[in-house]
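*Asks:* Generate a structure from the sequence data that follows.
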Amino acid sequence: MLKANIFPIRDCTVIILAGGKSRRMSSDKKYLKIEGSFLIDRVISNVSELFVNIMISTSEEINSKYKTIKIIHDTFLNRGPLAGILSGLENSPSEKNFIIAADIPEISRELISEMYQFTEKYEIVIPRSGSMKPEPLFGFYKKSIIPYLEENLSKGNNKILDIYKYTTLKTLDMKRSDWFFNLNTESDLSGYLTYLKRK
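*Replies:* Numbers count the residues shown, from 1 in each chain. As a prediction, the model looks like this:
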């Protein structure tokens, strides 16, 4: 049973992954303009309503307007989100951390609350979308998995899903996933803008 209200969450740091190359988008995704503000601003605003501590993990320089937020740079360069997760966890002051990609513009308080209930028992807690596909860049990760990330990256393996077999993992079905968007392509962006018009 869910606790009535767990927010704001104070024993957990949000790590926003903002180092993607945006190869399938015509411009840098995190600076896409949506309803007058950058996409990354939307993500920051969303998580700020639920969490106290926020960091940005990136492999590149970032707009100076975000310097009030702790910026972490990847140790393993050009190795994708797994490297961003590792750098974030290594520099986080919290054992528990909420990972979210900078191209996920919406969140669900209900889902995050449900996931958080399992963070004491499990090292990783992630949701599955309507297609039953795991969503690794929207979940809770503990610092205790750092050795597994380091080992995989040192061996040249960048796949996030490959670390799950070494950890205690909990996956939860999204009760509804119509709000969940991951803006990787122009088509994804178009679908999201259509969703906003219907809200």
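*Asks:* Flag the shaky bits of this protein, pLDDT-wise.
*Replies:* 1-4, 21-24, 26 (pLDDT under 70).
*Asks:* what's the longest helix anywhere in it in contact with?
*Replies:* The residue-count maximum for a helix in the chain (DSSP state H) belongs to helix 186-198. By CB atoms under 8 Å, 6 or more residues apart in numbering, the residues outside helix 186-198 that reach it are 24-26, 32, 34-35, 105, 178, 181-183. No exception for glycine: its C-beta is placed from N, CA and C like everyone else's.
*Asks:* same thing but at 6 Å, please
*Replies:* Residues outside helix 186-198 that contact it (CB atoms under 6 Å, 6 or more residues apart in numbering) are 181, 183.
*Asks:* what comes up buried for that helix?
*Replies:* Residues 188-189, 192 are the ones in helix 186-198 that count as buried (16 or more other CB atoms under 10 Å).
*Asks:* where's the most centrally placed residue in the chain, which helix or strand?
*Replies:* Nearest to the mean C-alpha position of the chain, by CA atoms, centre = their mean, lies Ile100 at 1.1 Å. Applying DSSP states H and E as the criterion places Ile100 in strand 96-101.
*Asks:* centre of the chain versus that strand, how much separation?
*Replies:* Averaging C-alpha positions (CA atoms, centre = their mean, to the nearest Å) puts strand 96-101 5 Å from its chain's average.
*Asks:* Could you give the number of residues near Glu123?
*Replies:* Neighbour count for Glu123, taken as other CB atoms under 10 Å: 21.
*Asks:* swap in Ile34?
*Replies:* When neighbours are counted by other CB under 10 Å, Ile34 comes out with 15.
*Asks:* For it, give me its contacts.
*Replies:* Counting by CB under 6 Å, 6+ apart, Ile34 has contacts Arg42.
*Asks:* Same question for Phe181.
*Replies:* 105, 192.
*Asks:* That one and Asn91, how far apart?
*Replies:* Going from Phe181 to Asn91 by CB to CB, to the nearest Å gives 28 Å.
*Asks:* for Leu161, same thing?
*Replies:* Applying CB to CB, the value for Leu161 to Asn91 is 23 Å.
*Asks:* For stretch 5-25, list the C-alpha coordinates in CSV.
*Replies:* Listed next in CSV are the C-alpha coordinates belonging to stretch 5-25 (Å, rounded to 0.1, in the frame of the first residue of the first chain):
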residue,chain,number,x,y,z
ASN,A,5,2.5,11.5,0.6
ILE,A,6,6.2,10.9,0.4
PHE,A,7,7.2,14.1,-1.3
PRO,A,8,9.5,15.9,-1.2
ILE,A,9,11.9,13.0,-1.1
ARG,A,10,15.0,14.0,0.9
ASP,A,11,17.1,10.8,1.1
CYS,A,12,17.5,10.6,-2.7
THR,A,13,19.4,12.6,-5.3
VAL,A,14,18.0,13.1,-8.8
ILE,A,15,20.6,12.5,-11.6
ILE,A,16,19.5,14.0,-14.9
LEU,A,17,21.3,12.4,-17.8
ALA,A,18,22.0,15.2,-20.3
GLY,A,19,25.0,13.9,-22.3
GLY,A,20,23.2,12.4,-25.3
LYS,A,21,24.5,13.1,-28.9
SER,A,22,20.9,13.7,-30.3
ARG,A,23,21.9,11.9,-33.5
ARG,A,24,18.3,11.2,-34.4
MET,A,25,17.1,14.8,-33.7
